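Novice: fold the following.
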Amino acid sequence: MATPATDLFTLVEGPEADMPGRCEVRGSAADDAELLDAHSRAVTAVVEAIGPAVVGLRTGRPTQPGVVALGSGSGVVVAPDGYVLTNSHVVHGARGIQVSFIDGRQCEADLVGDDPASDLALIRARSAGLPYAAFGASEGLRAGQLVIAMGNPLGFSSSVSTGAVSGLGRSLRRREGRLIESVIQHTAPLNPGDSGGPLLDARGHIVGINTAIIAQAQGIGFAIPAATARWVLVELLRHGKVRRGYLGITGAERPLTRRQARALALAHPRVVEVADVDPGGPAAQAGVRVGDLILSANDHPVAGIDDLHRLLAGWPAGEGLRLRLVRAGEILDGADACGLRRTAPTLMMSLAECAGQNRYARPRRSGTTVGASCWI
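Specialist: From the prediction side, this is the model:
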């Protein structure tokens, strides 16, 4: 028997219409549903508040004479006078950068500084009085904490995804060999074009800059932590580049036998062999030679190139660095090191004017040297 029209109107009036046979969540489950609604409201509030500060980027990169490859990505406005933080791989080598805002406005942007080692870059949109997002404390993140990713995947502006922090302190290797440390791993879905967009906490603060995904996996995304982004931003604003310690050597990992490791009192059977030396670098000035084996730096064991990268990443520019070496079977340590300065047995590092030499290089030595080497 058909329901009378008056009853139909009653059924569609809303939740307050309670008639026998109605299907809905009841009891304690309704309380759980209210929690989900609260989560939805929190996400909606963040999106509405921060959405105007998230921008889309379009770039033109010349690949050969007369040919320009178009690219896209995301960014987040971090200052009202037009400063936008994004990924280095989004804008590196671009001849033109166009910024698109959520309200449909577009403007050109200029590159302020680029840091491929951290995959971060700073551009400045030719506009002012912009809404911007604030940095949060990425140091306080915990595994399981809910996060929100915003960006412009595949050209779809102001897209939103949510997930949880699934890991902290990850290491992500750049193409040129340097490690990015303390990377945030999260489960918020990312797609091409999301690179450079912000990872946000429930208060709408930037806790990371999305940078990469693993194409063969699901639910594995990575973001550069806000603490790193703040430091890089200040360096780019002040100097137009990030200054890092530079030894001026090409190193490659070399395995040792157990007997050799015991003789050198090493807890690990690997060291870094010097495969090449920059003639004008600080290592050459201090007397480091091709074939030297680096055992430690400032009493920190060196089992591979990554150990040197970690040490140099946090080392103050211009400070001295003490190396413990093996040369022709003899340990050279501080004042006893032949060829190193006896009165001040340290190796001085230069600033990052040489950072462009973070490239892979072929070692000059063969034999037991294994793997690719890269400038340090």
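Novice: now do the helices in the stretch 101-250 of the chain.
Specialist: In the stretch 101-250 of the chain, the helices defined using DSSP state H, counting those that start in this stretch lie at 226-239.
Novice: my guess is residue 202 meets residue 46, correct?
Specialist: Yes: under the criterion of Cβ atoms under 8 Å, residue 202 makes contact with residue 46 at 6.8 Å. In this view, the C-beta of every residue, glycine as well, is placed from N, C-alpha and C.
Novice: who has more neighbours, those two?
Specialist: residue 46 (20 against 15; other Cβ atoms under 10 Å).
Novice: so what pLDDT did the more buried one get?
Specialist: The per-residue pLDDT reported for residue 46 equals 94.
Novice: in contact with the residue nearest to it when sequence neighbours are not counted, which residues?
Specialist: The shortest distance from residue 46 to any non-neighbouring residue, by Cβ to Cβ, 6 or more residues apart in numbering, is to residue 204 (4.5 Å). Counting by Cβ atoms under 8 Å, 6 or more residues apart in numbering, residue 204 touches 45, 46, 49, 50, 133, 134.
Novice: so can I have CSV of the residues you listed showing distance to residue 89?
Specialist: Below are these laid out as CSV (distance: Cβ to Cβ, whole Å):
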residue, distance to residue 89
45, 31
46, 26
49, 28
50, 23
133, 21
134, 25
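Novice: do you know how far the residue nearest to residue 46 is from residue 93?
Specialist: Residue 204 sits 32 Å away from residue 93, going by Cβ to Cβ, to the nearest Å.
Novice: which pLDDT value goes with the residue nearest to residue 46?
Specialist: We have a pLDDT of 95 for residue 204.
Novice: got the phi and psi for it?
Specialist: Dihedral angles of residue 204 (phi, psi; degrees, to the nearest 10) stand at phi 80, psi 20.
Novice: which stretch of helix or strand covers residue 252?
Specialist: strand 249-255 (DSSP states H and E).
Novice: could you please name the strands that strand pairs with and the direction of each pair?
Specialist: Strand 249-255 has the following strand partners under DSSP bridges: strand 270-277 (antiparallel), strand 373-375 (antiparallel).
Novice: so which of the ones you listed gets nearest residue 111?
Specialist: Of all those, it is strand 373-375 that lies closest to residue 111, at 23.6 Å by Cβ to Cβ.
Novice: for residue 111, give the beta-bridge partners.
Specialist: Applying DSSP bridges to residue 111 gives these bridge partners: residue 123.
Novice: just give the nearest non-adjacent residue to residue 118, would you?
Specialist: residue 232 (5.3 Å).
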